[in-house]
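> Give me a model of this one.
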Amino acid sequence: MKEFLRKNLNLYHLIGIILFVALSFFYWYRAGKYSDNMLQNNLFLMIIWGILVGYLLADLVSNAMKRKNNEE
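This next block holds a predicted model:
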């Protein structure tokens, strides 16, 4: 399990997750609390959405940086 986490979770992933959880909380606080949409008015779902989007975008950045370093 430790090896899996080391391979698939690095500093970029953690930064992305924390940033997007904060942004999703801010969005929920400003606009989503009073919305009729199920995803927007549920804080738990917004946090899960922030974790997923943050991880995926950070993974794209991390892989792009690795690919750039391997080409040089």
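> From here on, just use CA atoms for contacts and neighbour counts.
Fine.
> what about residue 27, how many neighbours?
15 (other CA atoms under 10 Å).
> Show me what the helix or strand encompassing it is packed up against.
Counting by DSSP states H and E, the element that carries residue 27 is helix 11-27. Applying 3 or more CA pairs under 8 Å, 6 or more residues apart in numbering; DSSP states H and E, we find helix 11-27 packed against helix 43-71.
> Return the residues in contact with residue 42.
If a contact means CA atoms under 8 Å, 6 or more residues apart in numbering, then residue 42 has 32, 33 as its contacts.
> On the pLDDT front, check it for me.
Looking at residue 42, its pLDDT stands at 84.
> what about it, distance to residue 67?
Distance, residue 42 to residue 67, by CA to CA, to the nearest Å: 38 Å.
> try residue 9
For residue 9 relative to residue 67 (CA to CA), the value is 17 Å.
> quick one: which of those two has more around it?
residue 9 (14 against 11).
> Can you check the pLDDT for that one?
The score at residue 9 is 83. That number is its pLDDT.
> next one: residue 4
Reported pLDDT for residue 4: 79.
> Past the helix holding residue 27, which element shows up next along the chain?
Next along from helix 11-27, by DSSP H and E: helix 38-41.
> mind checking how far the most centrally placed residue in the chain is from residue 63?
Nearest to the mean C-alpha position of the chain, by CA atoms, centre = their mean, lies residue 54 at 1.4 Å. Per CA to CA, residue 54 is found 14 Å from residue 63.
> Dump the C-alpha coordinates for the lowest-mean-pLDDT helix or strand in the chain into PDB.
Sorting the helices and strands of the chain by mean pLDDT, DSSP states H and E puts helix 38-41 at the bottom, at a mean of 76. Taking Å, rounded to 0.1, in the frame of the first residue of the first chain, the C-alpha atoms of helix 38-41 are listed here in PDB:
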ATOM      1  CA  MET A  38     -27.900  18.500  -5.900                       C
ATOM      2  CA  LEU A  39     -24.200  18.700  -6.600                       C
ATOM      3  CA  GLN A  40     -23.900  22.400  -5.800                       C
ATOM      4  CA  ASN A  41     -25.900  22.500  -2.500                       C
END
